[in-house]
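Participant: 3D, please:
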Amino acid sequence: MLKFDKMKLVTKIDYISDIDYSKFILNSKEDSILYYKYQQERPFYLLVMVNYQHNELVLEFTGKILLDNYTNLIDIYTAKDCLSQINRLGICHLNVDAIMVDCNVVKCDVTKDIECGSMQDIITNVRQNLSNYKKWITRPYHKEGITIENVVKTPRYKKRLIIYDKAKELQSADNRYFLNAVSNPNEILSYFYDKTRFELNINTMDQIRNLLNIPNNTLSAVLASKANPILSVIDEAIKYNACQQRTMTLRDYEHSLLLKECDYDMSAVEAKVRALSAKTTSITRVMKVYKDLYSQIQTEAAPNIDIRALVA
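Facilitator: Reported below is the predicted structural model:
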């Protein structure tokens, strides 16, 4: 069953009533109302936009809206509670039952929280096993985490996976308002202790349908999806042949001894190769052998973590 830590829904404007306009920001043009917007960042993110220009209601919220039940995240069982929680704020009234059966998901963050050891080992493993360093890049995420994303110009093809220590992220200054708002902060922190979060940001409707393997973007279809989009992206971004170590030949062994003697410094290796080679030797070709061997040694020395198995 898929779980989500963020969702953006679009539904009919008829499904909102009793709006406390004093809590909403008005945006108008030439005496025509474009939309009313309510937005908060703490203790959880929430956006309610009554868009008269497009005759639609937009709702966006994070899993923290569940407060004490945050560890359950947004799923087929808790989605209705998320909408009901908006009603409890007293800023408007949503027809929760109607929205549940008549809305589209336009953005979502698919999420898995897994116990899988050292965050630093995972980061090292990912960086050394990208399937294609031109098509996929990594960036740091907060202090201890990593972002994996593909290099594309078109948003519909963009894929972004974030991996980070959820317990440490929850204890950051930005989350103190959330922890102060729940009755069981220690219980929540204890649940996330030693858990690594895998979070896939899906920001277009096309991507939602493709990655979740569903025919449309209705909330019911999204929540009922049997796909594993996080695994799909990992299969594209990361290769796993590090465990299949190449058998070392005598020539490889001789090359490895030179690498070790030069303390794996490629400049020192090249100087030694030039000193010992004939003038007709292609230094570029010889150095490629040493560089390939060094890359293999680095890969085989990486932490042996099968990330694919963790999220399967």
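Participant: tell me who's in contact with the nearest residue in space to Lys23 that is not next to it in sequence.
Facilitator: Of all residues not flanking Lys23 in the chain, Ile91 sits nearest, at 4.7 Å (CB to CB, 6 or more residues apart in numbering). Bear in mind the C-beta positions are built from the backbone N, C-alpha and C, glycine included. Ile91 makes contact with 19-20, 23-24, 38, 48, according to CB atoms under 8 Å, 6 or more residues apart in numbering.
Participant: and which of those is nearest to Arg251?
Facilitator: For the contacts of Ile91, the closest approach to Arg251 (CB to CB) belongs to Val48, at 67.5 Å.
Participant: which strands and helices sit next to the host helix or strand of that closest one?
Facilitator: Assigned by DSSP states H and E, Val48 belongs to strand 46-51. The contact analysis (3 or more CB pairs under 8 Å, 6 or more residues apart in numbering; DSSP states H and E) places strand 46-51 against strand 32-40, strand 56-62.
Participant: pick the most deeply packed of those.
Facilitator: strand 56-62 (a mean of 20; mean count of other CB atoms under 10 Å).
Participant: and after that one, which helix or strand comes next?
Facilitator: Using DSSP H and E, the helix or strand that follows strand 56-62 in sequence is helix 79-88.
Participant: residues in contact with the helix or strand following that next one?
Facilitator: The C-terminal neighbour of helix 79-88 among helices and strands, as given by DSSP H and E, is strand 93-94. For strand 93-94, contacts defined as CB under 8 Å, 6+ apart pick out 15-18, 59, 83, 86-87.
Participant: report the mean confidence score over strand 93-94.
Facilitator: Taken as a whole, strand 93-94 has an average pLDDT of 98.
Participant: partners of that strand, with directions?
Facilitator: Its sheet considered, strand 93-94 pairs with strand 16-17 (antiparallel) by DSSP bridges.
Participant: distance from the chain centre to the partner strand, please.
Facilitator: Relative to its parent chain, strand 16-17 has a centroid offset of 33 Å by CA atoms, centre = their mean, to the nearest Å.
Participant: and that strand, average pLDDT?
Facilitator: 98.
Participant: which residues are contacting it?
Facilitator: With CB under 8 Å, 6+ apart, strand 16-17 has contacts from 48, 50, 57, 92-95.
Participant: what's the angle between the strand holding Val48 and strand 32-40?
Facilitator: In terms of direction (axes from the mean of the first three to the mean of the last three CA atoms, to 10 degrees), strand 46-51 departs from strand 32-40 by 170 degrees.
Participant: buried sites along the worst-scoring helix or strand of the chain on mean pLDDT?
Facilitator: Across the helices and strands of the chain, mean confidence by mean pLDDT, DSSP states H and E is lowest for helix 283-301: a mean of 81. For helix 283-301, a neighbour-count test (16 or more other CB atoms under 10 Å) marks 286, 290, 293-294, 296-297, 299 as buried.
Participant: export those to TSV and tack on distance to Asn175?
Facilitator: As requested, the buried residues of helix 283-301 are arranged in TSV below (distance: CB to CB, whole Å):
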residue	distance to Asn175
Val286	54
Tyr290	48
Leu293	46
Tyr294	42
Gln296	42
Ile297	41
Thr299	36
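Participant: if we only consider the residues you listed, which is nearest to Lys226?
Facilitator: Thr299 (33.7 Å).
Participant: count of residues packed around Gln53?
Facilitator: 11 (other CB atoms under 10 Å).
Participant: ok, back up a step: between the buried residues of helix 283-301, which is closest to Tyr191?
Facilitator: Thr299 (34.7 Å).
Participant: low-confidence ranges in the protein?
Facilitator: Scanning the chain for pLDDT under 70 picks out 240-248, 299-304.
Participant: so where do the strands sit in it?
Facilitator: All strands of the chain, identified by DSSP state E, fall at 4-12, 16-17, 25-29, 32-40, 46-51, 56-62, 93-94, 103-115, 136-140, 145-150, 160-165, 195-202.
Participant: CSV for these, including distance to Ala79?
Facilitator: Listed next are these as CSV, based on distance: least, CB to CB, whole Å:
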stretch, distance to Ala79
strand 4-12, 8
strand 16-17, 17
strand 25-29, 26
strand 32-40, 20
strand 46-51, 15
strand 56-62, 10
strand 93-94, 12
strand 103-115, 10
strand 136-140, 31
strand 145-150, 27
strand 160-165, 22
strand 195-202, 16
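Participant: which of these sits closest to Asp306?
Facilitator: Minimum separation from Asp306 across these (CB to CB) falls at strand 103-115, 12.1 Å.
Participant: all good on my end, thank you.
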